[in-house]
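A.B. asks: just need the structure, nothing else, for what follows:
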Amino acid sequence: MESAIGERSQRKRVERAVQSPWVASGSLPGRLRPATYRTDEMNPRYAGNPTILCFPGYPDDATALEFLANEPKARQADFMTLPKEVRIEFCDQIKEVFVPAFEHIDGFQTMMRVLRGKYGETNPLTGEFMNHLHRICLTGSPITLRSSGGYEGSTGGIVMFGPTGSGKSCLINRVCSYVGDGGVLHTALGGKPCRWPEIMIVRISAAGRATVKQLALGIASEVDDICGNNGVFERRLGSSTQYVTRTAVMLTSNLVGLLIIEDVQLWGRVDKRLRLSMLDFLVGVQEESRVPIMCVGTMLLLDVLEAHMSQSEKLMTLGQIPLLPILNDEDMNNICNAFWRWRVTAGDPEPPEWLAYEVKAYTAGLRRYIRKYFSALLACMAQDGVVVPTRKYVREIAEKYMQPVLEAVRIINRAYCGKRVDRNALQKYEEYIGSDDYRRRVAERTAALSERIEVRSRKMSK
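C.D. replies: Model prediction:
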């Protein structure tokens, strides 16, 4: 009799959880929106999976390019008739122009593959996964994982790195916009009514979070904000020392697809033991929740991770997204053409053929320097009444307005060309080029020079 009563009580608790698992109110809370489902999924592995069908499908190159690229609103037809002082104010529109390189398109698709791969193994319509989530909801017990297979999903992580201004935040912003900021609320799963949140991406910064507790509370605060929980998860974590388990339960319970931690390179400044404990925390959360984690940072991020490879290798198993300075001539031409279209003087719609070379020489291919240079160049052209600039003119503008960064540009240019750089100078600009990448480029250039000398020697000996 007692056993039967216990079973009925448990069944009622499960039913209540299905009807209203985590979201208490009847209105849409926080940053959740009603889930709507696509019917155009091409991958048979994901067909019928509501956690994947509630956001857009995998983007091809054209879709990714269209979603990544950005330009200001079109100017009025008589723009060039405005006084030059007014037109010069429009030079700031350069900041709104974003021209994605191949690496951004590849990174966009990589993040989508990781996200879809996670949800592909966590279909809530399977009985096993439903029971798993109900147990978490009802008991808050630790998550028991098997080594592989089943509903647990991916256990790997991914790393995105690049110099400041290389487009890391822009890429993440675009992916978040593509899948939908915040999350969705499923009101039915498998034909059963429910109110179940799904948060595709949880994103926080490591800045100002130098302990495991601060990091865990930051994640909880973001989940609370999305779900409109009025700090429920943050209070639960704050009153506990089981940060890994409670964070994992929270992420799994809210069907989180990807956890992004930005500015991880800042952990290089904290005590080694604290840094190790935070990496251990991320690895523990990733393994218990099976939610992939993406660490983001400058080139120093690689040094932070490589100093603790036993932990970091688990945070990089799904690959890396390197966003380096614009080194490819085609990419540099594309960005120069895009910026030139927003000049504030009349004239040839195409820039001089040599302009991309000059821009690269004075900016090292760093996007924030390119924006700064073009803003100054276009403003000066309008002020001086220049329609077609000469090489001498653009160099004079560069020497005047890029003076504060010319030393950095010179060193970065040498480093990325594989030319030797003074150790102190390299350390001064270590956020722009990783030490391992620099050594590899020097070795490749040295080998190429040696081969060239050997070929020349053989020709002379004949």
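A.B. asks: around Ile453, how many other residues sit close by?
C.D. replies: 10 (other Cβ atoms under 10 Å). C-betas here are computed from N, CA, C, even on glycine.
A.B. asks: longest single helix anywhere in this protein?
C.D. replies: helix 435-461 (DSSP state H).
A.B. asks: name the helices or strands packed onto that one?
C.D. replies: Contacts defined by 3 or more Cβ pairs under 8 Å, 6 or more residues apart in numbering; DSSP states H and E place helix 435-461 against helix 300-306, helix 406-416.
A.B. asks: and that helix, how far from the chain's centre?
C.D. replies: Remark: helix 435-461 is offset 36 Å from the chain centroid, using Cα atoms, centre = their mean, to the nearest Å.
A.B. asks: got the angle between it and helix 406-416?
C.D. replies: Angle, helix 435-461 to helix 406-416, by axes from the mean of the first three to the mean of the last three Cα atoms, to 10 degrees: 60 degrees.
A.B. asks: so for helix 435-461, mean pLDDT?
C.D. replies: Averaged across helix 435-461, the pLDDT comes to 81.
A.B. asks: just for this protein, where's the confidence low?
C.D. replies: 1-28, 129-154, 462 (pLDDT under 70).
A.B. asks: and stretch 410-417, how far out from the chain's middle?
C.D. replies: So, by Cα atoms, centre = their mean, the centroid of stretch 410-417 is 26 Å from its chain's centroid.
A.B. asks: list the contacts of that stretch.
C.D. replies: Under the contact criterion Cβ atoms under 8 Å, 6 or more residues apart in numbering, stretch 410-417 has outside partners 324-325, 327, 361, 364-366, 420-421, 425-426, 428-429, 432-433, 438, 441, 445.
A.B. asks: out of the helices and strands packed on helix 435-461, flag the one nearest Ala248.
C.D. replies: Between Ala248 and those, the tightest spacing by Cβ to Cβ is seen for helix 300-306, at 21.2 Å.
A.B. asks: give me the buried positions along the helix or strand just after that closest one.
C.D. replies: Scanning forward in sequence from helix 300-306 by DSSP states H and E, the next helix or strand is helix 309-312. Residues Gln311, Ser312 are the ones in helix 309-312 that count as buried (16 or more other Cβ atoms under 10 Å).
A.B. asks: would you map the strands across the stretch 251-400 of the chain?
C.D. replies: 258-262, 293-297, 320-322 (DSSP state E, counting those that start in this stretch).
A.B. asks: and those strands as CSV, adding distance to Leu355?
C.D. replies: Shown next, in CSV, are those (distance: least, Cβ to Cβ, whole Å):
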stretch, distance to Leu355
strand 258-262, 33
strand 293-297, 32
strand 320-322, 26
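A.B. asks: comparing those strands, which comes out most buried?
C.D. replies: strand 293-297 (a mean of 25; mean count of other Cβ atoms under 10 Å).
A.B. asks: would you check that Pro325 makes contact with Ser166?
C.D. replies: Yes - with contact defined as Cβ atoms under 8 Å, Pro325 reaches Ser166; the gap is 6.8 Å.
A.B. asks: intersection of neighbour lists for these two?
C.D. replies: Leu366, Arg367.
A.B. asks: helix, strand or coil: sort out Met42 for me.
C.D. replies: coil (DSSP: H, G, I helix; E, B strand; the rest coil).
A.B. asks: quick one: contacts for it?
C.D. replies: Taking Cβ under 8 Å, 6+ apart as the criterion, Met42 is in contact with Gly57, Tyr58.
A.B. asks: from Gly57, how far off is it?
C.D. replies: 7 Å (Cβ to Cβ, to the nearest Å).
A.B. asks: how about Tyr119?
C.D. replies: For Tyr119, the distance to Gly57 - Cβ to Cβ - is 12 Å.
A.B. asks: quick one, which of these two is more surrounded?
C.D. replies: Remark: of Tyr119 and Gly57, Tyr119 carries more neighbours, 24 against 16, as counted by other Cβ under 10 Å.
A.B. asks: tell me, what residue is most central in this structure?
C.D. replies: Closest to where the C-alpha atoms of the chain average out (Cα atoms, centre = their mean) is Ile172, at 3.6 Å.
A.B. asks: am I right that it is in a helix?
C.D. replies: Yes - counting by three-state DSSP, Ile172 is part of a helix.
A.B. asks: mind checking which of the strands of the stretch 251-400 of the chain is nearest Ser240?
C.D. replies: With Cβ to Cβ as the yardstick, what comes closest out of the strands of the stretch 251-400 of the chain is strand 258-262 (18.9 Å).
A.B. asks: contacts for that closest one?
C.D. replies: Identification of contacts with strand 258-262 by Cβ under 8 Å, 6+ apart yields 111, 114-115, 118, 168-169, 172, 200-207, 215, 219, 251, 282, 285-286, 291-297.
A.B. asks: the residues you listed in helices, which ones?
C.D. replies: 111, 114-115, 118, 168-169, 172, 215, 219, 251, 282, 285-286.
A.B. asks: hmm, which of these are the buried ones?
C.D. replies: Counted by 16+ other Cβ under 10 Å, the ones in helices among the contacts of strand 258-262 give Met111, Val114, Leu115, Lys118, Lys168, Ile172, Leu215, Ile219, Leu251, Leu282, Val285, Gln286 as buried.
A.B. asks: can you add distance to Ala74 and give those back as JSON lines?
C.D. replies: Shown next, in JSON lines, are those (distance: Cβ to Cβ, whole Å):
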{"residue": "Met111", "distance to Ala74": "30"}
{"residue": "Val114", "distance to Ala74": "36"}
{"residue": "Leu115", "distance to Ala74": "33"}
{"residue": "Lys118", "distance to Ala74": "39"}
{"residue": "Lys168", "distance to Ala74": "28"}
{"residue": "Ile172", "distance to Ala74": "27"}
{"residue": "Leu215", "distance to Ala74": "44"}
{"residue": "Ile219", "distance to Ala74": "41"}
{"residue": "Leu251", "distance to Ala74": "43"}
{"residue": "Leu282", "distance to Ala74": "44"}
{"residue": "Val285", "distance to Ala74": "46"}
{"residue": "Gln286", "distance to Ala74": "45"}
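A.B. asks: these two touch, right, the residue nearest to the centre of the chain and Val296?
C.D. replies: Yes - in this structure Ile172 lies within contact range of Val296 using Cβ under 8 Å: 7.1 Å.
A.B. asks: intersection of neighbour lists for these two?
C.D. replies: Common neighbours of Ile172 and Val296, using Cβ under 8 Å, 6+ apart, are Met160, Ile260, Glu262.
A.B. asks: within the helices and strands, which one has the first one?
C.D. replies: Which is Met160. strand 158-161.
A.B. asks: that strand: how far from the chain's middle?
C.D. replies: That offset, for strand 158-161, works out to 8 Å (Cα atoms, centre = their mean).
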